[in-house]
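Visitor: sequence-free structure coming up:
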């Protein structure tokens, strides 16, 4: 069954065959949505055919993905996805809510949500015979590509701004990618990586550019669907999902997953999706709150490097993810993000700034009455705090240094 039938431009609606385009719409540069043959999938599979699978990774959803099996069994490529959901009753009580859960994407092989996109892009690269895959990244997307590529011997090149956290650069190098640090912003690295892919014939993974990235990220929606069937069952109150937003590809990917499920007839209604941006990098929130899809660039300044973007490359679809699901956008200060890191740490979750941003958004939403006490809430933590220890240390008081005596311990108690 050939599930992948083509692309549709998210701006002009023009459709293309799989062999006509690779990245964005040649007419207006719009992001491309991958079109699947939903009728064929629905004819061959039922929901229970998916939920009964034993594959504990995103590849359990292979029937709903536009790629073939990439191989690499028993490698980290087959450990991407299928991340746990934790109940957070103490934080729920603190916020005056009944139920709060957190989906912890730090459990992915390279410790971030971006493994989902990279796994599918690497599968696509293998299908088309690409020798080298390239991406721009502030760290997580690059680490994900480097790790997934290393798992099956695929060559990778990463352009990252020189300001990226050292822990993330270390991952890139340890996984064996060719790393080039750019004396500029993420947006500079993005533009350079595109030029390099065109010049050298490399396959470009960039988010908000390569349509297969959203296909990887949509698998989180499939997992949330499976989890909700078991945990929430049939409820008249839709789930509210909080997602941190930078370039917009994660929230648009999750939205795409739920749209796929709706097209298949496997869900009757969408969850409400709420995007959260740092105040210093809020181009998408600005557009949403202005009631437009016109994304105006900002000069991004936030400690949450993974969502620090001047010009989001998937902004239009990110605006729609909230608007079309009855959601909204919230902005939070860096101080709120640091507080969220500490709050999550006290319940056993170590989130990087971008991951904690989603929880900071929930705190703000609860204070504003944007979520009701009875609303079931799921927060997505997109990455591990070990990615940015410097930022994490700003969220807590420094540990005291004491003499090696019992009296010194007593003096502190």
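Guide: Received, thanks. All figures in this text were calculated on a predicted structure; none of them were measured in a lab.
Visitor: quick one: contacts for residue 373?
Guide: 96, 97, 98 (CB atoms under 8 Å, 6 or more residues apart in numbering). The way it works is simple: take the backbone N, C-alpha and C, and place the C-beta from them, glycine included.
Visitor: repeat for residue 374
Guide: With CB under 8 Å, 6+ apart, residue 374 has these contacts: 98, 237.
Visitor: surely it forms part of a strand?
Guide: No: according to DSSP: H, G, I helix; E, B strand; the rest coil, residue 374 belongs to no strand; its state is coil.
Visitor: quick check: pLDDT value at it.
Guide: What the model reports for residue 374 is a pLDDT of 95.
Visitor: with residue 377 instead?
Guide: On the pLDDT scale, residue 377 gets 98.
Visitor: tell me, how many residues neighbour it?
Guide: 25 (other CB atoms under 10 Å).
Visitor: now the buried members of the contacts of residue 373.
Guide: Buried members of the contacts of residue 373, scored by 16 or more other CB atoms under 10 Å, are residue 97.
Visitor: of the contacts of residue 373, which belong to helices?
Guide: In helices, judged by DSSP state H, none of the contacts of residue 373 are found.
Visitor: of the contacts of residue 373, closest to residue 129?
Guide: residue 97 (50.0 Å; CB to CB).
Visitor: could you check how far the residue nearest to the closest one when sequence neighbours are not counted is from residue 51?
Guide: Among residues not flanking residue 97 along the chain, residue 373 sits closest, at 5.6 Å (CB to CB, 6 or more residues apart in numbering). To residue 51, residue 373 is 30 Å away according to CB to CB, to the nearest Å.
Visitor: how about the helices in the stretch 251-400 of the chain?
Guide: 283-289, 315-323, 334-345, 353-368, 389-393 (DSSP state H, counting those that start in this stretch).
Visitor: now the longest one against helix 334-345, angle please.
Guide: Interaxial angle, helix 353-368 versus helix 334-345 (axes from the mean of the first three to the mean of the last three CA atoms, to 10 degrees): 100 degrees.
Visitor: give the other helices and strands that helix 353-368 contacts.
Guide: helix 89-95, strand 240-244, strand 272-278, strand 329-332, helix 334-345, strand 377-381 (3 or more CB pairs under 8 Å, 6 or more residues apart in numbering; DSSP states H and E).
Visitor: would you mark the buried spots in the longest one?
Guide: Buried residues in helix 334-345, counted by 16+ other CB under 10 Å: 334, 336, 337, 338, 339, 340, 341, 343, 344, 345.
Visitor: tell me the one among these nearest to residue 32.
Guide: Nearest member of the buried residues of helix 334-345 to residue 32, counting by CB to CB, is residue 337, at 32.1 Å.
Visitor: my understanding was that that closest one contacts residue 356; is that so?
Guide: Yes: taking CB atoms under 8 Å as the definition, residue 337 is a contact partner of residue 356 at 5.4 Å.
Visitor: what touches both of the two?
Guide: With CB under 8 Å, 6+ apart as the test, residue 337 and residue 356 both reach residue 304.
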